[in-house]
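> What follows is a predicted protein model with its sequence.
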Amino acid sequence: MIPGMGAVATTLIAGVEAVRRGLAKPIGSISQMGTIRLGKRTDANSPLIRDFVPLATLDDLVFTGWDIFGGNLYDAAKTAQVLERDQLEQIRPFLESIEPMPAAFNQHYVKRLTAKKQKVGKNKCDLANQIRNDIAEFKSKTDRQVMIWTGSTEIFLEQTAVHQSLAAFEKGLVDDDPGIAPSQLYAWAALKEGIPFINGAPNLTVDIPAMNELSRKMNAPICGKDFKTGQTLIKSVLAPAFKTRMLGVSGWYSTNILGNRDGEVLDDPESFKTKEESKLGLLEMILQPDLYPDLYKDLYHKVRINYYPPRGDNKEGWDNIDIFGWLGYPMQLKVDFLCRDSILAAPLALDLCLFMDLAARTSSLRGLGIQEWLSFYFKAPDSAKGVYPEHDLFIQSMKMKNTLRHIMGEDLITHLGLEYYEG
Ligand SMILES: NC(=O)c1ccc[n+]([C@@H]2O[C@H](COP(=O)([O-])OP(=O)(O)OC[C@H]3O[C@@H](n4cnc5c(N)ncnc54)[C@H](O)[C@@H]3O)[C@@H](O)[C@H]2O)c1
């Protein structure tokens, strides 16, 4: 169930259908193409993850969602201009068969969009209950459900009193508290219905004590936020490399141009602030300047995103990184990533839906609320209270694979490797 059926959502859904029909391969999806080593290196036993853990198959998936635009997903995919016309034509009837339901929307939270189709209700509680009714209807046609927000980036919201407990939040729904954004109406409705909720955007949404409480109470998992797709993915690879080698970093300047609707929404300073916060956190978390003041305490980190329509969904991200080595001698690294936003995001959205559904079926995981083992997928991973989130891509990957081994009762892999030298 997908609130926000724009570029990422249509690329996900069209992609799943293309793969189901044998027209394309699910490149970039760990759940579909990744393998997992079991036992010792000498055992040569590395099954596909999807053969190892009981994931839903692509044939099992049914899609629905909400948006403020009229029309069906074929129209939405054409507007998004991510996939080639020929490819869309091959699956046109399927895409035409899915029409987003009217959304719970409020322009105060996404300034650059104007709704054509939206729910009307007497207060936020009424709107959230209308979403619950939509969910109940979908539940009657399906066995299990997962909700993933691929809606727009909302304005920057900080936690207030209304977010601090479930009781305060539910009162705030009735009182139309301005601290409650539309994405939180969907999240509340999903968790209330016992459905896992994934946040592909940097919005505050479930990042509040009230949602944590609801998630645990309902055994409905939540996880981090904001897909880690392009520039931040590369950052979470390069920064750990510098740190591992004890190389200093004095400056990291990141800039992007993109021309899709996401870029247009992010052109609004209030939405950009939400994205900026999400992108800025990770360097400090990875580099730990408190632990290594000589290397990182003066790091200057800047992130810019500029809306540039000619590029559409094909984003270009530049990084200028000023580093220093032995005796403080400076060096530079430049990265120019000509990527495709939704092509990078769609497989992450797929994996998250399948893994969150698995988490909801796993007794040792579902009651925990936050699924930290899925940090791998997020710019802003979530973690237990008092524990800093893990941003290093390779630690995240190890954590995810060890969690899958744990779910299936296999030995965890520590990479100690002494056993190969015994006897
Ligand atoms: N690489 C990536 O593409 C990437 C990476 C990280 C995060 N994201 C985030 O994912 C989200 C989706 O990106 P996109 O490129 O698909 O954007 P998009 O603008 O194409 O799609 C977002 C859709 O959400 C809809 N929407 C907005 N508010 C809504 C509401 N209250 N209810 C229902 N629908 C609503 C919009 O009408 C739009 O169709 C954005 O927040 C973006 O920042 C994308």
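Received, thanks. Residues are numbered from 1 along each chain as shown.
> Report the contact partners of residue 101.
Contacts of residue 101 were listed using Cβ atoms under 8 Å, 6 or more residues apart in numbering, and they are 64, 65, 66, 134. Every C-beta, even on glycine, is put in place using the N, C-alpha and C of the backbone.
> OK, now which residue of this protein is nearest to the ligand?
As assessed by Cβ to the nearest ligand atom, the ligand sits closest to residue 6 within the chain, at 1.9 Å.
> hang on, isn't that residue packed against residue 65?
No. Residue 6 is beyond contact range of residue 65, at 10.1 Å (criterion: Cβ atoms under 8 Å).
> Check for me that residue 323 belongs to a strand.
Yes. Applying DSSP: H, G, I helix; E, B strand; the rest coil, one finds residue 323 inside a strand.
> Make residue 1 into 29 and carry on from there
Sure, I'll start counting at 29 from here, so that last one is residue 351.
> Generate CSV for the contacts of residue 129, with pLDDT and neighbour count as supplementary columns.
Below are these laid out as CSV (pLDDT from 0 to 100; neighbours: other Cβ atoms under 10 Å):
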residue, pLDDT, neighbour count
92, 98, 18
93, 98, 26
94, 98, 23
162, 98, 20
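> Residue 121: which of the residues you listed is nearest?
residue 92 (16.8 Å; Cβ to Cβ).
> tell me the phi and psi of that closest one?
When read as degrees, to the nearest 10, the backbone of residue 92 gives phi -150, psi 170.
> Name all residues that make contact with it.
Contacts here follow Cβ under 8 Å, 6+ apart; on that basis residue 92 touches 29, 30, 126, 129, 162, 166.
> repeat for residue 202
By Cβ under 8 Å, 6+ apart, the contact list for residue 202 reads 151, 152, 153.
> And for residue 172?
The contact partners of residue 172, by Cβ under 8 Å, 6+ apart, come to 84, 385, 388, 389.
> Also residue 325?
Per Cβ under 8 Å, 6+ apart, neighbours of residue 325: residue 317.
> just residue 149 next, same as before
132, 155, 157, 158.
> is it fair to say residue 303 lies in a strand?
No. Counting by three-state DSSP, residue 303 is located in no strand; its state is helix.
> you'd agree it is up against residue 296?
No. Residue 303 is not in contact with residue 296 according to Cβ under 8 Å; the separation is 10.5 Å.
> And the two? Which one has more around it.
Taking neighbours as other Cβ atoms under 10 Å, residue 303 and residue 296 compare with residue 303 leading, 22 against 18.
> between the contacts of residue 92, which is nearest residue 261?
Distances from residue 261 to the contacts of residue 92, taken by Cβ to Cβ, are shortest for residue 30, at 22.2 Å.
> what's the closest non-adjacent residue to that closest one?
Spatial nearest neighbour of residue 30, excluding adjacent residues (Cβ to Cβ, 6 or more residues apart in numbering): residue 93 at 3.4 Å.
> Report the separation between the one you found and residue 101.
Separation of residue 93 from residue 101 (Cβ to Cβ, to the nearest Å): 9 Å.
> Check the contact lists of the two and give me the overlap.
Counting by Cβ under 8 Å, 6+ apart, the residues touching both residue 93 and residue 101 are 33, 37, 126, 128.
> Number of residues surrounding the second one?
Here the count is done by other Cβ under 10 Å, and residue 37 has 30 residues near it.
> isn't there a helix covering it?
Yes. Using three-state DSSP, the assignment for residue 37 is a helix.
> Identify those among the shared contacts of residue 93 and residue 101 that sit within helices.
Taking DSSP state H as the definition of helices, the shared contacts of residue 93 and residue 101 contribute residue 37.
> In JSON lines, list the shared contacts of residue 93 and residue 101 along with distance to residue 173.
Converted to JSON lines, these look like this (distance: Cβ to Cβ, whole Å):
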{"residue": "33", "distance to residue 173": "16"}
{"residue": "37", "distance to residue 173": "16"}
{"residue": "126", "distance to residue 173": "15"}
{"residue": "128", "distance to residue 173": "16"}
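> out of the shared contacts of residue 93 and residue 101, what pair is the most spread apart?
37 and 126 (9.8 Å).
> Give the residues shared as contacts by those two.
Common contact partners of residue 37 and residue 126 (Cβ under 8 Å, 6+ apart): 93, 101.
> Now residue 363. Its backbone dihedrals?
Torsion angles at residue 363 (phi, psi; degrees, to the nearest 10) stand at phi -120, psi 130.
> which among the contacts of residue 202 end up buried?
If you count burial by 16 or more other Cβ atoms under 10 Å, the buried members of the contacts of residue 202 come out as 152, 153.
> now the contacts of residue 202 as CSV including distance to the ligand?
Converted to CSV, these look like this (distance: Cβ to the nearest ligand atom, whole Å):
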residue, distance to the ligand
151, 16
152, 12
153, 16
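> Of the contacts of residue 202, which is the nearest to residue 362?
Distances from residue 362 to the contacts of residue 202, taken by Cβ to Cβ, are shortest for residue 152, at 46.6 Å.
> quick revisit: report the buried members of the contacts of residue 172.
Buried, going by 16+ other Cβ under 10 Å: 84, 385, 388, out of these.
> ok, the last one - contacts?
I take that to be residue 388. Contacts of residue 388 (Cβ under 8 Å, 6+ apart): 172, 174, 223, 224, 247, 248, 249, 394.
> Quick check: which of those residues has the minimum pLDDT.
Here the lowest pLDDT out of the contacts of residue 388 sits on residue 394, with 92.
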